[in-house]
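# my questions concern the predicted model and sequence given below.
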Amino acid sequence: MSANTIEHNRNRYNFAGVESVWLFGYGSLIYKVDFPFLEQRPASIRGWERRFWQGSHDHRGTPEQPGRVVTLIEKPGAVCKGMAFRVSPNVFEHLDVREKNGYLRLSTTLTFDDGSHAEGLVYIATEDNEAFLGHAPEADIARQIAAASGPSGPNAEYLLRLADSLRALGADCPHTFALEAHLRSADSGDS
Ligand code: SIN
């Protein structure tokens, strides 16, 4: 599948007659809220885990030196915590452009902190997209992140802001926190 998913996402759902949609954010959508929303609630989804396995050529890297950003990888029993936003369907015109580098809008069941549920959408960059980079040792991923920068800023900022946001949410994400530790120890000259 081509890395540019704009057309793909536009043709995916018919929002006719729909007033609002829950969107689950687990990466930059948690901390870079550049879209209007009607309501915001911490939430989680089941069966997926957060991984810095998606290449970023357009936001946090360049085609010559791609950065790494998060996507979700299927894992039975896993719980991924993030932030849910209830948005008007026209918000997806903006978000489909922002998330165009490989992310598809998929349906998911959200669980809010009070145990209630709602159906919603989540942007996931699946393994068959051209920008997918996949698994690598965490020290290598951290080095790649430290070296990359793109139109939205340094890749390191993406990682550090996400780690801070996850802590604020009380989310345990050993992968993100391990990458953060690698990045900080490289900064302080420990490695
Ligand atoms: C998300 O935040 O939900 C998607 C990935 C990203 O934009 O970082």
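Cool, got the structure. Small disclaimer: the values here were computed from a predicted structure and weren't measured. Numbering: from 1, shown residues only.

# now the residue in the chain that the ligand sits nearest to: closest residue in space, sequence neighbours ignored.
The nearest approach of the chain to the ligand comes at Gly27, 2.5 Å away (C-beta to the nearest ligand atom). For every residue, glycine as well, the C-beta is placed using N, CA and C. Counting by C-beta to C-beta, 6 or more residues apart in numbering, Gly27 lies nearest to Val70, which is 4.0 Å off, once chain neighbours are set aside.

# do the helix or strand containing that neighbour and the ligand meet?
Taking DSSP states H and E as the criterion, Val70 maps to strand 67-87. Yes: using C-beta under 6 Å from any ligand atom, we find that strand 67-87 touches the ligand at 69-70.

# what does the model give the residue most central in space within the chain for pLDDT?
In the chain, the residue lying closest to the centroid (C-alpha atoms, centre = their mean) is Gly27, at 3.2 Å. Listed pLDDT for Gly27 reads 98.

# what's the answer for the one 3 residues further on, then?
Ile30 is assigned 98 on the pLDDT scale.

# give me the neighbour count for it.
Ile30 has 23 neighbours, counted by other C-beta atoms under 10 Å.

# repeat for Leu29
23.

# get me the contact residues on the chain for the ligand.
25-29, 69-70, 99, 123.

# so which of these are in helices?
28-29 (DSSP state H).

# just the buried residues of the residues of the chain next to the ligand.
Applying 16 or more other C-beta atoms under 10 Å to those, the neighbour count classes 25-29, 69-70, 99, 123 as buried.

# can you give me the helices in this protein?
Using DSSP H, helices in the chain cover 6-10, 28-31, 91-98, 138-147, 155-169, 174-187.

# quick check: Val18 touching Pro89?
Yes: contact criterion C-beta atoms under 8 Å: Val18 and Pro89 qualify, at 5.4 Å.

# find residues that contact each of those two.
Residues touching both Val18 and Pro89 (C-beta atoms under 8 Å, 6 or more residues apart in numbering): there are none.

# with neighbour numbers in mind, choose between those two.
A count of neighbours by other C-beta under 10 Å puts Pro89 above the other of Val18 and Pro89, at 16 against 10.

# what pLDDT is listed against the more buried one?
pLDDT, read off for Pro89, is 95.

# doesn't Phe15 make contact with it?
Yes: with contact defined as C-beta under 8 Å, Pro89 counts as touching Phe15 (3.6 Å).

# returning to that earlier point: turn the helices of the chain into a markdown table, columns for distance to Ala43.
As requested, the helices of the chain are exported to a markdown table (distance: least, C-beta to C-beta, whole Å):
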| stretch | distance to Ala43 |
| --- | --- |
| helix 6-10 | 21 |
| helix 28-31 | 11 |
| helix 91-98 | 17 |
| helix 138-147 | 26 |
| helix 155-169 | 10 |
| helix 174-187 | 17 |
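
# can you name every helix or strand that the lowest-mean-pLDDT helix or strand in the chain contacts?
Of all helical and strand segments in the chain, the minimum by mean pLDDT, DSSP states H and E falls on helix 6-10, at a mean of 82. For helix 6-10, the packing partners by 3 or more C-beta pairs under 8 Å, 6 or more residues apart in numbering; DSSP states H and E come out as helix 91-98, strand 103-112.
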